[in-house]
Each structure stands twice: as structure tokens, then as C-alpha cells.
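Visitor: got a sequence here, can you build the structure:
(3 chains)
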Amino acid sequence: MGEERKGTASTQTVTRGKQPATGAKKERGILIPPAWQTLLLPVLAVFTGLVIGAIVIVITDAAVVATYRNFFRAPGTALAATWHTIATAYGALLYGSLGNPREVYEGMRLYLSTGDNTLFLRAIWPITESLVAATPYIFGGLAVALGFRCGLFNIGAEGQLGIGALAAAWVGYSITNLPALIHLPLALLAGALGGAIWAAIPGYLKAKTGAHEVVNTIMMNWISFRLSDWLLNGPMKAPGYRPITPNIEPTAALPRFFPPPIRFHAGFFLALIVAGIVYWFLFKTTLGFEIRTVGANPDAARYAGMSITRSIMLAMVLSGALAGLAGTSQVLGVDHWVGQGFTAGYGFDSIALALLGKSHPFGVVLASLLFGTLRSGATRMQSLAGIPIDIISIIQGLVIVFIAAPAIIRWLYRIRVERAEEVVLTRGWGK
Amino acid sequence: MATTAVRAQQKAFTLGRSQWLGIVFLIAGLLTFLFFGRGLEAGIKTKFGLNPGFASQAIPIPDLVLPTQPTIYAMVLIMLLLGVLQLVRGFRFADALLGVVALCFVFAFLTWAARGKSFNLVGMLGSSLVRATPIALAALCGIMCERSGVVNIAIEGIMLISAQVAVVVATVTKNLYAGLVAAILSGAIISAFHAAMAVSFKVDQIVSATAINIFATGATSFISARFLEKNTNLLNNSGTFRIISIPLLSKIPILGPIFFENGLIVYLMLILTVLVHILLFYTKWGLRVRAVGEHPRAADTLGINVYLVRYVSVILGGMIAGIGGAYFTIGSVGRFDEIMTAGKGFIGLAAMIFGKWAPFGAFASSILFGFADSLQIKLQILRVPIPSEFLLMAPYIVTMIVLTGVVGRAEPPAADGQPYEK
Amino acid sequence: MPLVLELRGITKAFPGVLANDHIDLTLEEGEIHALLGENGAGKSTLMNILYGLYQPDEGQIFLRPRNRSAIPASAASRDGLVEVKIHSPNDAIAQGIGMVHQHFMLVPPLTVAENVMLGLESTRGGIFLDQRAAAQRIREISQQYGLEVDPDAYVRDLPVGVQQRVEIIKLLYREADILILDEPTAVLTPQEVDRLFSTIKNLVKQGKSIIFITHKLREVMEIADRITVLRNGRVVGTTTPAQTTPAELAAMMVGRQVDLVVHKESLTPGEVVLEVKDLQVLDDRQHLAVNGVSFEVREREILGIAGVQGNGQTELVEALTGLRPVIAGEIRILGTPVTNANPRQILEKGVAHVPEDRQRDGLVLSRPVHDNLVLCTYYLPPFAKGINIQEDTIIATASRLVEEFDVRTPSVFVPASTLSGGNQQKVIVAREFSRPVKLIIAAQPTRGLDVGSIEYIHQRILQKRSEGTAVLLVSPELDEIIALSDRIAVMYRGRIMDIVPAKGVNREYLGLLMAGVEASEAAKVAPPTIGVEEVERVF
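Guide: Residues are numbered from 1 along each chain as shown, chains lettered A, B, ... in the order given. Okay, here's the model as predicted:
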């Protein structure tokens, strides 16, 4: 048939026609199969982010910049000072996040031989802190990723997280004399519900009126900040001066596995389980099929008889519940109370995580482990090297840019592509 | 044939919404009656100050003193009347009526809140304009970008960075104008980056803008923590533009103190609103911008450089947002605080949408937001028994209501947010 | 006549396709040169190269210079032509080349004057628009060439025929000498086509040269001075109407003998499947798009809805499939009312829908072929148990359908976006026709497809008709409607002007109805049916 003939004709001619067209321009660079690129690009994005972060650290360090005034007389001094600054900063970051393997080994040996676990605990403390930091990230990243899958950009994870945390804390401290077996799930549920309700409002507005969820979730963030200000200074305020909630009952706390100061708690495993559930939900159920179809092409979804309203509501509510769990895990597992500014940064971090993890639950888990490590190391870096922790936000902004515009990374590292993959994440106003 | 078609169409189209609005008007009237109208002491009066509180050039005029309860009842009557009329007849200018009802409601509320006291109406309207300034500038930035087909939700980040740049440059050079210029330049640079991402790299524009917002939060906080906090006087203490009174015009009662006794940036905002309007609708460039935002391929086939038009529009928009950023520091408090823009960039976008992507519309809706913003402060002063935190939510809630499109829905430019592929 | 344009060896490759392969073409002054070829033959690519939207990989363009004295003595000139490089539409415009694109390049919310002057604005002081001057110039052009249009009207309010006039005025405003018309008749009624042809002849008389791109044999025979046929990106041959026949042209176009006639079994219609009564539907702008439409479709019957695009067909189909609310009237399927039922309820009644915009509505391009093949049935057994998707069953079914419906794809796992247009449409047809359906609603099912796919889809539709399915076929291609339908309804401004039997129908009568002439009036001018005539298939 005509089709067939056309096919053979074009395959013959592709080789002939392509060379003068594209050959000259794109021959340079390394050709990497698309499958590897999905892994390589995020890694290079993070790497590049860190490099630029290092540059920022150096150029904002007056002492190092001063050595460059004498660069031509003493280039060694300048370079050494530069290297020293970066090494101190990132060394602190690394040590603060992963610890020192030798110390772990020594500690383990001491524990096994004498039963004295102090050294061991001190040695594993950094890495457990990284996992502690990764826990809310997994939930938050999953929240945003789930939204992306439905074509929704939930920038409001921060507000949902805060409301979830407050709800969980309230159940945690106000209900007493309940067995942990009931109290803990109840508090978790309250947290998820709080986040879900907070996300349901913009979700409903999006589904029913088409009001853009990006602006609305941000507005909900600000409303949640004001609301929590009021709650923490009024109805939920613990006795005393500080605007914080009372401590939750021990029965509502997520169990920990090591003696203090190690704060590693069951929330981490809960996060992994939830990631598995989200994967199953998105890729193995009819509801997930609908959500992904609505996200990829709402017109076709409607044509195929799916309810867009239902998918958007469902995705938004689940996204909010996941964000709520992020706050909840932090409250029930780590802090045991909620204070002002509790949520700062989590919302934006979650976006970076979802993008870095390509909106795939397992990708999000990996990205969260990485960012958890960065975040807990950055605390150390702040105290040891005096680098403000906000450097991490700068790096995150850059990582998002690089993930969103892989062309930049490809250009930087001279990577050639066979075929450009394109994922539409969001849509403009209206619709 | 044609007439039946038209009739059928109107019937189907306006019936639901019109009735619904009528009911809203009635509810507003009833609520006003229930909450504000009843239980007032007889003979109590409300005084509305019509002279600004500060040393003003304006010719003083007597204040407006109204009997509280009759005034509120009058407002209630107007609302109920409009509600009934709307229910029965269904007006074509329902949006305008909604505005009237909202005005009545707010006026009744103010009359109630300030009963037995004095309330400076002119001062409040003046501060509405001032508070609307960054919102209006953000909206103008949004209009410039979106009319050319680029969605820009990075305005928040652009304003945050230019706010910081403005104050630092102004403090270091001891020159506020240098600070303003630096803010404009930084706005241009960041939006040029957004343009590159959106136009050349064809990145999802909302993701690109979010990256800018995150970056802006991180970078400004980083610089605050690393430098500004330690050297406040050297780096973060610029002073602000002084109030300029326009000769003669500022003497006009009521209007004078509101519009003609302001800081430089407020004037800039007013001028830019007019300029952007002229630019978009009366010039060659504006025609091209609108064509590119609606149908870039059509423009391309006529030899118009779509990419260039978009770059320039987005960068111009960024410069306007830069002025908006400067307002936060050198235009109002003279120092930088972390995340001080507090969502104004996003509220500006809501103002843009509410204003139907047109400068004057956006200006009017910015005033609405500015009013909501300054209202909450006045109410705190009047000791209205509502927690201040809830009053602070007002602008955000208004934004969300606006976005539902209950009032005056408009279509965005057809190619808004879509990268153009040759 | 002297040459005004010569293309030599134009070659252009896109990833995976060689769109133009060493194409040679000449154009004489005052000539109407038809460029004939099926969809995907490379006609539009060639013209986009000439218009500067694409750059050729190889080849040269020679033009008659606008300024004769500007010919350099040493230039690579031939017959008074010089070689030019056209890097952008700007260059093309400067060289006197203008193009009316198949999809109009008009900005709907702007006025006619604004659209026409865009890019070449009349200004005061170089900055401010001078609408009046532009309007004046447009009026002059209107008069000179007989192209009536109101410069101050908004383009979005104009009917397509007038929009096309605006497009032509745009070219004349730029003083183009070579006019490229890309499929200009696709959106017009037969009478509007006649009017366009007289405009074209008028233009040629005034010294313009025309390149007329089309895939319609009849038009080529009627208007062209010379015909160049393209196939798979190559020139198959150049001829004149006098030297050739439609059958020969068709064979040149497709590369084999094609059956120009659709062979249709004669069947007796059965029970009423779809019944529509006094239907009223609004469009996106809240105007009444479907205004009191009534008809019925029976088993073993194809009802064709003819009409110029934008006369409510889209809204009608959307209302029938539950995608758009009905404000008045009634829809029944097999006697059950389904007015304002949701799309899923209607699908479950046994309705198959081949959507007008297959990439927007019919497919999720980023998803694998197998997901697209179960897009409407993923939630039903055997594809789902409870809420659990049964991936293995889906893949097995998809593989079977791909085989059965001859979908050319490397596997069922590749994204639908990687398939050609014809194969994408086959995926939709496979999905919709493999369900137990009682009614098929097919909107422009062959738009933009190659001949092989068109034949295949026509054959599948007729096969379904033989199996007893009722078919509602909506198409602006009158030939397709006449060839396939048993009865034909003509839609104009949301109303059905008349419903006539397809056998022996008078094309002129249909054309009058499509232009809004009432049935009684039209019948006075042209009888609804004339003698039995074999109808050519369209490509």
C-alpha cells in the first residue's frame, strides 16, 4: 500500500538527506542513550548546582576575594584560599551529613567489645540526621509529584504541611489517655486530613472554576501562615511566653529506635511505604490511570469519559494529605511541638524534589535522600564554616533550572541527544 | 430566526448567574442589617475625616459626619433594592452592580466600625493607593509579559531581588536614584533569564519562574544573613524617597492628598499605567506584541521576530517589576527584610487577571487589593473585635475570590504560556 | 510568457522524513500553476521554503528581480532571473512573494486593518498606529481587485470566506506578485470556491502569478494552467489540464491505479439508533451554535453532515457525545434519552466517537499505544479488576488490535506521538470500532491523511455499516460526504437546511444550502437530485 512505500522511501532517504542538514552541527559531543540520560541529567544538575554554590561561597567570602587582589603576585595564595574555603564548607557539609566511616567502624567495635555505645551513636548521628531530614522531604516530594502527574502544580505544599502539622499536634496533645496503637494513627490521620482539606480548597476552585492552582495555593500558604500565627498565639498556645503548641503526648509520637540524641524515627519507614503505595496508586490502578491521563491530556481524558473534576480533586486532596503527612512526621517524629516558621522552605524544597525525581515516587525517594543529606549537612556547614543555610535554596533553584532546561546541562557537558523528551508539567491560565 | 436565536442565547446565558448575583446582593444587605445595623445606640454618629492626617498642601474642608444607624440602613436599602431588581429583571451590567453593592457593604461596615469615633477616609484611600503601588507594578509587569505570550509568575522573585539590590546600592552610594536604577537593571537581568528559559529553551514557564522564585528567596536570604545583618548601617539603611507635592494639584481637597502628594515610585506607577496602555494599544510595537501573544505564527509569517518581541516585552516587564521591588525598600521602609514581598507579586497577577490583561483594569483592581490591605490596618487601629491575623488574610482571600472568575471573567491572550516553535 | 520564479533542486529533510527531494519548479508571469499531491507529499514544505519559513538543505531559488536595473551583470542569472536566498518571510515579502496559509494566519481579536498592516504598519511619527491610513489603502485594494471587506471589522466576527479575502488583501497590501495559495478551497462552499476562482483569474489578469496548492483533482482541472504533481517529496511530472485526465492525475499522485469510486453495498436501513430533536447547543463564546437541529440515524445507514466548517458541526458532535451541555431539545439512543448524559454514559450506550481533532481529543500522545487502545475501557473487566489495572491483558489486547487494524508501529509500548498521522487515526479507529458499538460518530475521520489510510478508514466505516451499525459522518469535504453517505444533511449556522438522499444528489443544490440559501429557494435554482452520477473519492 501507499503507506508502506512511503515508509521505505523515507528510511532510504533519511540517511541521505540528514547529513548535509544536521551533520555538521551536531557531530560534536558525546552521544548518550536516552535511558542513561534520565539518570545522568539529574546527577549532573546537582553537581553543577554544587559547583555554582561553591562559586557563590567563594565570591561572597571577603577574605578569599581579598587574596585575588594579589592574584598575579601570589596566585598560589589565592587558589589555596579558594580551595580551603570550598573544602571547609563542603567538608563540613559532607561530614555533617554522612559522618566519618572510620568513626562508625571504631564505634561499632567498641560497642561490640565493651557494650559502650556512646561512640557508636555519636558516629552514626550525622547519617541518621540525614535520614530524619529526608523523611518529610519524601512526603513533600511525593505530594508535589502526585500533583504534577495530574497536571497540577501544587506550590502550596508549605501551607498544607503547616496545617497538617498543627492538626497532628492538636490531636497529639489534646487527647490524653489513649493507647499509642490508636493515638498515633489518629494523629497521623489528623495530619493527613489537615493537609488534604487545605489542598481541597484550591483543588475545588481549580476543578470547578478553572482558577489557577499556582496562585491559589500560594494564597493558601499565606492564609495558613496567618492562621497558624493566630493559633500559636491563641487557642493552641502552650503556657509560657513562646508562641508554640504544648508537647504532644508520648502515645502520639512516632517511635524512635535509638537513645537520644539520635532522633531517627519510624516516620522514615512510613515514608518509604507511602512511596510504594503512591507508586501502586499511580501506575497500577484505574484511578491513577485517570489522573495520569488528565495530567497528560485533559481533552482526551474528557473524551474518554473520565471525570476531570474528580481526578483533579482526588489528586489535589491526596497531594495535600501527603504534604500534611510531611509536617506530621516532623511533629510526631522529631519536634513533638509546632512553633512559628515551622514550615519555612519545605514547600519549595518539595517542588525541587518532585522535579529532580521526575515525578516518579522512587525518583522522589532518591532525590529526598540526597536533599536530606544536603540539608542536614548544611546545618553543620552553617555552624562550622559560617555559610548561611540559604545557600541550599540557591543550589535548589539552580537544580530546578537545570532539570527543567536539560538543554543547558547538555550544552555544558557537550551531551548529544537522539530524541528530545518533553514533559508538559503545567498549563497557563484558564482551562 | 435571528431574533429567536439571540433570545434563546440570552435566556440560557444570563439567567443562572443573574439570579445568583441577585441573591448575593440580598444576602449582603441582610447580613449588613443583622451585624451592623441592629443594636446601635440611638443618635450615635460616625465621623469621616476628609483631610489627610499629615501636614498637607490640600485646602482643608469640613469632615463628613453621618448618623451611624440611618446611614447603615440607607446602605442596606440600596443593597436590598438592587438585589430585588437584579432577581426580577437581570441587568446587563451585573458586574458594575456588584461593585456598587460591594461599595455599599464596605461603607456600611466602616460606618459601623467607626461609630462614635473618627475615621480618616482620605488617609485611608491615600494609603490604599500607596499599598496598591507594588501590586499595580507587578500587574503591569504581568501584562507586558503575558500580552506577548509569556507567563511570568517570577514577579515575586524579581521584586524580592530588586528590593534588596535597591536598598544595598542606595545605601552604599548614598543615592536613592542609583538604587532605583540598580533595581530596574536587576529586574531586567532576571527577567531576561526567564525570557531565555521560556522563549529560547522552551522550558515550562511556570517551572522556570518557580525556580527563579526559589532562587530569589535563597539568594536574598543568603545575602541578608551573610552581609546585611552584620552591617545594617553600611549596607541596609538607605532612607526613602521623600513625598513630592505637585504644585496646585495637591491643593485640591480629597483628590490632592490621595494622588498628588506621594513618593516618586507611586508617581512612576501612575505614569507607567498610562504609558503601558498607550504602548500596547496605540503603537506599532504594541500591535506586534498583541499579535505575538495571540497568534505568534501569524506574526512570524509577516516577518515579525516573535522571539525578539517576547524578549523585549519580558525584559521591559522585568524592569517595571524592578521598580515594584524598589518600592518595598527605598520606596517605603528604607531597609530589606527577608521575604518582605509577602506574595505581592502573585497578588499582582490576580490584579492583572481581574483587570482583563489591560493596564487600567489592572490598576483599578490593584487599588481594590491596596484597599483591602490598608483596611486591615485601619481596623486594627479602630479596635474592631476581629483578630488582626484574620484581617491580614483579607488580600489573599480577595485574590482567591477574584481568580474564581465569579466577577468579570476574561480570556487570556490565546498563546499565553506556549513556547513558540518555528 | 517570461518566467518569474524557478526552483532548482530544492531538498529538505526533517528527522525521519525527506520532505522535499531535489524539486524543480518554474512559474510564468500570469500563470496559475497547481501543485498537486496527497497529504504529506511535500507541497507545504516546498512553499514554506519559498516563503522563508524553512531553509532548504540544498537547492537554489531564482526570482525575477523587482527592480530590473538591479540585476548585476555577473549574477547567476538565467532568463532574467537571479538567484536569491530567502532567510525569512521578510525576505520573501521583500521579493514580492506572498502566501495564504491553509490555516489562516489572522489574529482574531484584532481588526481587519490591524491584521493587514501588521508587520508593515502605517504610523504617525514611526510610533503611533495610523488606522485610518491603513483602512484607506485596504479600501483601495478592495476596489481594485473586487475583494469586499470592512477594514474596521474584527476578524473573529468574520465568516471564513471573508477571512480568506483578508488574507489575500494582506498579500496585495505588500504588493506581492507571486501569490501562494495553500489549499484555499478546503473551507469554502462550492459557490465560494467559484467566487475565489474568479478572484484568482482577476488577479492573474492584472499580472500576478499564482501557485495553487491542492489535493482536489476537479479544481486542478478547472483552474490550472499547468499542473505539477508531487509524491513522497519528489516531482512526478508536470502537465496541463488539456493533456491529462483526473484518473491519470490520481495515479500520478498516489503512485498506483486508485479506485476513484467508493463501492457501497446497498442495504435497507433498520431501527432508529440515534434520534435528535430540536437540539440547541452553545459554543465557547456562549452563542447559539446548534439551533434546533432534528434528525435520525438508523441501523445500516450513514447520515452525512455536510457544511462549511464552523457552522455548528463541532458543537453538535460534542453535544451528542456528552462533551458539551445541551440547553434545549432531546437526544435519544435506541429510544433511551441521553440528553446531557456524561461522556461515559454515552460511550457505554454503544457509541463510538472518532473525534475531529485526533491529537487533542482522541489520543494521549505521550502515553504508549497500548494505553491509548484502552482509553475508554481501561476500567472495565478484563482490563481492570476492581481498581487494579490488568496490564498483561491490556498489552495482549493491544497487540491483537494493532495486528487486526494494521497499525504500523514498532511495538505497543512506544508513545502514540511517534506514529504517523494515518497510524494514529488507525489507533483511534481500532479502539472505537473494536468495542460493541451501535452508533459511530465520525468527525472528519480522514482529515490530513494519506490516500492509503483514507481508503482503509472508508472501508472500515462501510464494513461497520454492513454489520448493522448506524453512522453519523461529519465532514466539510463534500466529496467524502457524497461518496459515503446514504442521506446527506447540510448544516448552516447551526441549522439543518435540508436532508436529501445521497444517490444522485446535485452538488450545486448542496452548495446553495451550505451558503445559507433556504431549501425551497435553492430548489428553484438547482434541483436537489440529478441523474445518477459516480462520485470521485477525495484525497
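Visitor: and the residue of the stretch 351-500 of chain C found nearest chain B, what pLDDT?
Guide: Using CB to the nearest CB, the closest approach of the stretch 351-500 of chain C to chain B is made by residue C:494 at 7.6 Å. C-betas here are computed from N, CA, C, even on glycine. Looking at residue C:494, its pLDDT reads 93.
Visitor: tell me who's in contact with it.
Guide: Contact analysis of residue C:494 by CB atoms under 8 Å, 6 or more residues apart in numbering or on different chains lists B:5, C:281, C:288-293, C:311-312, C:315.
Visitor: so which of those is the closest to chain A?
Guide: Taking the contacts of residue C:494 together and measuring to chain A by CB to the nearest CB, the closest member is residue C:315, at 14.7 Å.
Visitor: would you say the closest one is within a strand?
Guide: No. Going by DSSP: H, G, I helix; E, B strand; the rest coil, the assignment for residue C:315 is helix, not a strand.
Visitor: what does the stretch 201-350 of chain C have sitting close to chain A?
Guide: C:232-233, C:254-256, C:321-323, C:342-348 (CB under 8 Å from any CB of the partner chain).
Visitor: by neighbours, which of those wins?
Guide: residue C:233 (28 neighbours; other CB atoms under 10 Å in any protein chain shown).
Visitor: count the residues that sit near residue 292.
Guide: The chain I'm using is chain A. Residues near residue A:292, counting by other CB under 10 Å: 23.
Visitor: ah, I was thinking of chain C
Guide: Neighbour tally, residue C:292, other CB under 10 Å: 18.
Visitor: would you turn the contacts of residue C:494 into a markdown table with distance to residue B:177?
Guide: Listed next are the contacts of residue C:494 as a markdown table, based on distance: CB to CB, whole Å:
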| residue | distance to residue B:177 |
| --- | --- |
| B:5 | 61 |
| C:281 | 60 |
| C:288 | 58 |
| C:289 | 57 |
| C:290 | 62 |
| C:291 | 63 |
| C:292 | 67 |
| C:293 | 67 |
| C:311 | 61 |
| C:312 | 60 |
| C:315 | 58 |
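Visitor: picking that back up, now, which of the residues of the stretch 201-350 of chain C next to chain A sits nearest chain A?
Guide: residue C:344 (3.1 Å).
Visitor: around chain B, which positions in the stretch 251-400 of chain A sit nearby?
Guide: A:348, A:351-352, A:355, A:387-398, A:400.
Visitor: the strands in the stretch 251-400 of chain B, which residues?
Guide: Ranges of strands in the stretch 251-400 of chain B, per DSSP state E, counting those that start in this stretch, are B:261-262.
Visitor: in it, where is pLDDT below threshold?
Guide: By pLDDT under 70, the stretch 251-400 of chain B contains no weakly predicted segment.
Visitor: which residue does it bring closest to chain A?
Guide: For the stretch 251-400 of chain B, CB to the nearest CB, closest residue to chain A: residue B:389, 3.7 Å.
Visitor: so what's the residue nearest to the spatial centre of chain B up against?
Guide: Per CA atoms, centre = their mean, the C-alpha nearest to the average position across chain B is that of residue B:366, at 1.9 Å. By CB under 8 Å, 6+ apart, the contact set of residue B:366 is B:132-133, B:135-136, B:139, B:348, B:351, B:355.
Visitor: identify the residue nearest it in space, chain neighbours excluded?
Guide: Among residues not flanking residue B:366 along the chain, residue B:136 sits closest, at 3.7 Å (CB to CB, 6 or more residues apart in numbering or on different chains).
Visitor: that neighbour touches residue B:362, doesn't it?
Guide: Yes. Judged on CB atoms under 8 Å, residue B:136 makes contact with residue B:362 at a distance of 6.5 Å.
Visitor: contact residues of the stretch 151-300 of chain A facing chain C?
Guide: Counting by CB under 8 Å from any CB, the stretch 151-300 of chain A sits next to chain C at A:284-289, A:292-293, A:296-297, A:299-300.
Visitor: okay, the residue most central in space within chain C: pLDDT?
Guide: Central residue of chain C (CA atoms, centre = their mean): residue C:186, 5.1 Å from the mean position. What the model reports for residue C:186 is a pLDDT of 79.
Visitor: could you say which helix or strand holds it?
Guide: Assigned by DSSP states H and E, residue C:186 belongs to neither a helix nor a strand.
Visitor: ok, now how distant is it from residue C:475?
Guide: Distance, residue C:186 to residue C:475, using CB to CB, to the nearest Å: 11 Å.
Visitor: and residue B:85, how many neighbours?
Guide: Residue B:85, neighbours per other CB under 10 Å, totals 14.
Visitor: now it: how far from residue B:101?
Guide: From residue B:85 to residue B:101 the distance is 11 Å (CB to CB).
Visitor: do residue A:358 as well
Guide: Applying CB to CB, the value for residue A:358 to residue B:101 is 49 Å.
Visitor: okay, the two: which has more neighbours?
Guide: Neighbours were counted for residue A:358 and for residue B:101 using other CB under 10 Å; residue B:101 has more, 24 against 18.
Visitor: what sits against that one?
Guide: Residue B:101 neighbours (CB under 8 Å, 6+ apart): B:24-25, B:28-29, B:78-79, B:82-83.
Visitor: residue C:212 belongs to a strand?
Guide: Yes. Inclusion of residue C:212 in a strand is indicated when three-state DSSP is applied.
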